[in-house]
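Chemist: I need the structure of the sequence given here:
(chains A and B)
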Amino acid sequence: MSSGASASALQRLVEQLKLEAGVERIKVSQAAAELQQYCVQNACKDALLVGIPAGSNPFREPRSCALL
Amino acid sequence: MCDQTFLVNVFGSCDKCFKQRALRPVFKKSQQLSYCSTCAEIMATDGLHENETLASLKSEAESLKGKLEEERAKLHDVELHQVAERVEALGQFVMKTRRTLKGHGNKVLCMDWCKDKRRIVSSSQDGKVIVWDSFTTNKEHAVTMPCTWVMACAYAPSGCAIACGGLDNKCSVYPLTFDKNENMAAKKKSVAMHTNYLSACSFTNSDMQILTASGDGTCALWDVESGQLLQSFHGHGADVLCLDLAPSETGNTFVSGGCDKKAMVWDMRSGQCVQAFETHESDINSVRYYPSGDAFASGSDDATCRLYDLRADREVAIYSKESIIFGASSVDFSLSGRLLFAGYNDYTINVWDVLKGARVSILFGHENRVSTLRVSPDGTAFCSGSWDHTLRVWA
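Modeler: Down below sits the predicted model:
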């Protein structure tokens, strides 16, 4: 491994880390609250969560046996 | 050395010497340029003063990593499941296999839903790609790829085409036609070219662009019509195994996961990695955005699934149990994001309460590893594909 190859890769890594360090962050408590809020707000539309009336789920309706 | 092996062939005029060479992205004061390898090396050594050596660069990298962890830890004031204590617990779930799709001759490796919430495309180790009507279980189209191990397949947003690829290192697009006289394989269009296997592919918001992930360590964005490479994404230190596009409201980013245990979030326009997460202890097999776009989940060979919040810039939940020792191959959220479905190599599917961190259900049925899992576009069902040659639709 030539020292030149490592140098450019390390420089790229340092640049990348500087970029990542500069990201704006919010507190976990706030982020968690917003994730929870999204869940609660959309829970009623989530068929797998609350179940929808048997008739309206195309996969749950009884399929007629095709004995033709 | 990793970087040299995984470069995609982007040929063009070097931004420094203007010679026609194979180019790699280089960052100068946060601006991305394309240099040939000679100019990139010259630039790297140019920047080094007498006192600076490889060692000092390495220690700068280490101290930056430490600083990053410190910054992230400062905001870690509470756990997600603590915030979720006030939320109602989930009741019992009754989820059963409602349809079984049989027809593949070997392991099912990948599947995708059509936007019509009914059709499914699946691909297999035997080289076959099949389009099914999941309501009737009929096969509507079938094509045989020239390679085995078709590890990736995707449905176009319009429903008029599918994309697939695998050991052929390519991603090909097949228009779907109902004309019985037309041979699907004849209309095949080769879009992406990687230097190693294709592990994942996804159309962007239109039929015109495809995002691919490859064993060569890169992701790439392609124009379907011309086959031109629009953007390449370098940064993973090993094979990239999965990717997922952010829900359209939140903009042009996507997340990828790889064998280097890292999950990376990319800006599609600049090609830059904007956030990276390295908390898994093994390969990341699957990544999926939370429906709001503010977080994503990952499934890994370390037998855990984890939730990463993008605005808090850290992992906020781990979904694991001592009794689960096999890797998670595939994850997806229910419509509201409350449930996380994960398919495992021990043939089961575990359903997790995303907020509370607890497992709410375990689904049996497959007779071999679950390799792929997707919730339908309207959230009424989810489909799993397995090494037992079948796909199951659960609701």
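
Chemist: the helix or strand harbouring residue A:41 near chain B at all?
Modeler: Element membership of residue A:41 [criterion: DSSP states H and E] is helix A:28-42. Yes: for helix A:28-42 and chain B, the contact criterion (CB under 8 Å from any CB of the partner chain) is met by A:28-36, A:38-42. Bear in mind the C-beta positions are built from the backbone N, C-alpha and C, glycine included.

Chemist: buried residues of the following helix or strand past that helix, list them for me.
Modeler: Later in the chain than helix A:28-42, the nearest helix or strand by DSSP H and E is helix A:47-50. Residues of helix A:47-50 classed as buried: A:47-49 (neighbour count, 16 or more other CB atoms under 10 Å in any protein chain shown).

Chemist: just for the chain, where's the confidence low?
Modeler: No chain was given, so I picked chain A. Residue ranges of chain A with pLDDT under 70: A:1-5, A:54, A:62-68.

Chemist: that's the wrong chain, I wanted chain B
Modeler: Checking chain B against pLDDT under 70 turns up B:1-9, B:29-30, B:45-52, B:180-181, B:249-250.

Chemist: okay, domains of it per the record?
Modeler: Structurally, chain B divides into domains by the TED database as follows: B:9-45, B:96-394.

Chemist: which elements pack onto the top helix by length along chain A?
Modeler: The residue-count maximum for a helix in chain A (DSSP state H) belongs to helix A:3-21. Judged by 3 or more CB pairs under 8 Å, 6 or more residues apart in numbering or on different chains; DSSP states H and E, helix A:3-21 is in contact with helix B:2-5, strand B:20-28, helix B:37-46, helix B:54-74, strand B:273-277.

Chemist: now these in CSV, with distance to residue A:13 and mean neighbour count?
Modeler: Shown next, in CSV, are the helices and strands packed on helix A:3-21 (distance: least, CB to CB, whole Å; neighbours: other CB atoms under 10 Å in any protein chain shown):
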stretch, distance to residue A:13, mean neighbour count
helix B:2-5, 10, 12
strand B:20-28, 11, 18
helix B:37-46, 12, 17
helix B:54-74, 5, 14
strand B:273-277, 11, 19
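
Chemist: neighbours around residue B:88, how many?
Modeler: 9 (other CB atoms under 10 Å in any protein chain shown).

Chemist: same question for residue B:365.
Modeler: Using other CB under 10 Å, residue B:365 has 17 other residues around it.

Chemist: how about residue B:206?
Modeler: Counted with other CB under 10 Å, residues neighbouring residue B:206 total 10.

Chemist: list the contacts for it?
Modeler: residue B:157 (CB atoms under 8 Å, 6 or more residues apart in numbering or on different chains).

Chemist: ditto for residue B:135
Modeler: Counting by CB under 8 Å, 6+ apart, residue B:135 touches A:58-59, B:99, B:118.

Chemist: in helices only, show me those.
Modeler: Nothing among the contacts of residue B:135 maps onto helices, per DSSP H.

Chemist: JSON lines for the residues you listed, including neighbour count and distance to residue B:326?
Modeler: Formatted as JSON lines, the contacts of residue B:135 follow (neighbours: other CB atoms under 10 Å in any protein chain shown; distance: CB to CB, whole Å):
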{"residue": "A:58", "neighbour count": "17", "distance to residue B:326": "32"}
{"residue": "A:59", "neighbour count": "20", "distance to residue B:326": "28"}
{"residue": "B:99", "neighbour count": "20", "distance to residue B:326": "25"}
{"residue": "B:118", "neighbour count": "18", "distance to residue B:326": "32"}
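
Chemist: out of these, which is nearest to residue B:233?
Modeler: residue B:118 (32.7 Å; CB to CB).

Chemist: that closest one against residue B:132, yeah?
Modeler: No: taking contacts as CB atoms under 8 Å, residue B:118 lies outside contact range of residue B:132: 9.2 Å.

Chemist: the strands in the stretch 101-250 of chain B, which residues?
Modeler: B:108-113, B:119-124, B:128-133, B:138-144, B:152-155, B:161-165, B:170-175, B:189-193, B:198-203, B:209-214, B:219-223, B:229-233, B:240-245 (DSSP state E, counting those that start in this stretch).

Chemist: the last one pairs with which strands, parallel or anti?
Modeler: What it means is strand B:240-245. Strand B:240-245 has the following strand partners under DSSP bridges: strand B:253-258 (antiparallel).

Chemist: likewise the fifth one?
Modeler: Strand partners for strand B:152-155, identified by DSSP bridges, are recorded as strand B:161-165 (antiparallel).

Chemist: what's the partner strand in contact with?
Modeler: Residues outside strand B:161-165 that contact it (CB under 8 Å, 6+ apart): B:110, B:112, B:121, B:123, B:129, B:131, B:145, B:150-156, B:171-176, B:191-192, B:198, B:201, B:203, B:207, B:210, B:212.

Chemist: ok, 7 Å please
Modeler: B:121, B:123, B:129, B:131, B:145, B:150, B:152-156, B:171-176, B:192, B:198, B:201, B:203, B:207, B:210 (CB atoms under 7 Å, 6 or more residues apart in numbering or on different chains).

Chemist: just the buried subset of those residues, please.
Modeler: Among those, those classed as buried by 16+ other CB under 10 Å are B:121, B:123, B:129, B:131, B:145, B:150, B:152-156, B:171-174, B:176, B:192, B:198, B:201, B:203, B:207, B:210.

Chemist: chain neighbours aside, what residue packs nearest to residue B:210?
Modeler: Leaving aside its sequence neighbours, residue B:210 sits nearest to residue B:222 (CB to CB, 6 or more residues apart in numbering or on different chains; 5.0 Å).

Chemist: what residues are bridge-paired with that neighbour?
Modeler: Per DSSP bridges, the residues bridged to residue B:222 are residue B:210, residue B:229.

Chemist: all good on my end, thank you.
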